[in-house]
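S.K.: Quick one: sequence plus predicted model below, questions after.
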Amino acid sequence: MSRTHRTSDTGTKPRVALVTGAGRGIGAATVAALAARDWSVLAVDLACDDPDLPYPMATKAELDAVVARAGAPERVRPFVADVRDPAALAEAVSEAERYWGGLDAAVACAGVIAGGVPLWEVPPAQERAVLDIDLGGVLNLARAALPALLRRPEPRQGRFLAVASAAATRGLPMLAAYCAAKAGVTGLIRALGVELGGTGVTANAVSPGSTATPILTESARLYDLPDREAFAAQQPMGRLLDPTEVAEVLAFLAGPGSSGMTGAVVPVDAGLAL
Ligand SMILES: NC(=O)c1ccc[n+]([C@@H]2O[C@H](COP(=O)([O-])OP(=O)(O)OC[C@H]3O[C@@H](n4cnc5c(N)ncnc54)[C@H](O)[C@@H]3O)[C@@H](O)[C@H]2O)c1
């Protein structure tokens, strides 16, 4: 890679991204990876616990810390929104356009997990949260962000990106709703890739394997495992991924180097899907 840190992906005006699930984990690492490439970033997160889910979400303090670590207050800003709320996401897109004059990338990282029992025993509110956040939240972001990406003048390099999962293609017992939502995300990305056609806006996804973040800690609890490290042995590389390793691929997909890709679902999974 010839590009160095703090060099804009366009070489000129900083590009503008909106990242959901930015308070911690893969979303936070994506904010950092984009900021290091001189993007302006609106870092969006729920930033409070979800009463329907038995594990903590990122806090507002964590979201603020992600923004502070990015180091340029005028270029990285926090925004509290629930991806289940289309109006809140529309407002987030408007904020990004107001601050920085437009939008070039929308990255759907927000996600939750629930299960640990057969599907028919999962509390309906938990199943609803998984479907509404992990799939509905990506649809909501597409609805809010794609018109903004298409408002950029031609020739444009818009990027709609989502985080799917190895769960999109594997049958994971006791995580059926999560698998369904993630398979939905990959179907959405393929359809958007075709729908966006020659507009200059592309749609791509990454499919991470087990990555060292709080959602994996919750997965370990759901499977009665001692800790999340227990998932490492399932991956041919014999270790968990670091969230920065997923974020680096998302940053590549956001940049000009991915111009020939659309509708792709890229595994970043330490070989889990092999
Ligand atoms: N960690 C893994 O092993 C793994 C593997 C495959 C896919 N993924 C996916 O990666 C994405 C990021 O997860 P992570 O690993 O960083 O987990 P994480 O729990 O660390 O981060 C998820 C973030 O989403 C936020 N969030 C939750 N509900 C929200 C809502 N309704 N609106 C806005 N924000 C909300 C949380 O506050 C948190 O900051 C998720 O889509 C997840 O499904 C993770």
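M.R.: On my side now, so go ahead.

S.K.: can we go C-alpha only for contacts and neighbour counts from here?
M.R.: Noted.

S.K.: Helices of the stretch 51-200 of the chain, residue ranges please.
M.R.: Secondary structure of the stretch 51-200 of the chain (DSSP state H, counting those that start in this stretch): helices located at 60-70, 86-100, 124-134, 136-151, 176-196.

S.K.: who's in contact with the closest residue in space to residue 108 that isn't next to it in sequence?
M.R.: Leaving out its chain neighbours, the residue that sits closest to residue 108 by Cα to Cα, 6 or more residues apart in numbering is residue 162, at 4.6 Å. Applying Cα atoms under 8 Å, 6 or more residues apart in numbering to residue 162 gives the contacts 107-109, 138, 185, 189, 204-206.

S.K.: Nearest to the ligand, out of the helices of the stretch 51-200 of the chain?
M.R.: helix 124-134 (5.3 Å; Cα to the nearest ligand atom).

S.K.: buried sites along the closest one?
M.R.: Residues of helix 124-134 classed as buried by neighbour count (16 or more other Cα atoms under 10 Å): 126-134.

S.K.: Let me have these in JSON lines, adding distance to the ligand as columns.
M.R.: JSON lines is the format used below for those (distance: Cα to the nearest ligand atom, whole Å):
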{"residue": "126", "distance to the ligand": "12"}
{"residue": "127", "distance to the ligand": "13"}
{"residue": "128", "distance to the ligand": "11"}
{"residue": "129", "distance to the ligand": "8"}
{"residue": "130", "distance to the ligand": "9"}
{"residue": "131", "distance to the ligand": "11"}
{"residue": "132", "distance to the ligand": "8"}
{"residue": "133", "distance to the ligand": "5"}
{"residue": "134", "distance to the ligand": "6"}
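
S.K.: Among those, find me the one that's closest to residue 74.
M.R.: residue 133 (29.0 Å; Cα to Cα).

S.K.: just checking, the closest one touches residue 83?
M.R.: Yes: Residue 133 lies in contact with residue 83 (Cα atoms under 8 Å); the separation is 6.3 Å.

S.K.: Now the common contact residues for those two.
M.R.: residue 110.

S.K.: how far away is residue 226 from residue 166?
M.R.: Separation of residue 226 from residue 166 (Cα to Cα, to the nearest Å): 22 Å.

S.K.: out of these two, which sits in the more crowded spot?
M.R.: residue 166 (22 against 10; other Cα atoms under 10 Å).

S.K.: quick one, what contacts that one?
M.R.: So residue 166 contacts 207-209, 267, 269, 272-273 (Cα under 8 Å, 6+ apart).

S.K.: same check, this time on residue 158
M.R.: Applying Cα under 8 Å, 6+ apart, the residues contacting residue 158 are 103-105, 149-150, 200-202.

S.K.: Skipping its backbone neighbours, what lies nearest it in space?
M.R.: With Cα to Cα, 6+ apart, the residue lying closest to residue 158 is residue 201, at 4.1 Å.

S.K.: Test my guess that the one you found contacts residue 148.
M.R.: No: counting by Cα under 8 Å, residue 201 stays clear of residue 148, with 10.5 Å between them.

S.K.: Compare these two (neighbour count), which wins?
M.R.: More neighbours surround residue 201 than the other of residue 201 and residue 148, with 24 against 21 (other Cα under 10 Å).

S.K.: so how far is residue 149 from the more buried one?
M.R.: 7 Å.

S.K.: Quick check: neighbours shared by those two?
M.R.: What both residue 201 and residue 149 touch, as defined by Cα under 8 Å, 6+ apart, is the set 158-159.

S.K.: Report the contact partners of the residue nearest to residue 158.
M.R.: Neighbouring residues of residue 201 by Cα under 8 Å, 6+ apart: 149-150, 156-160.
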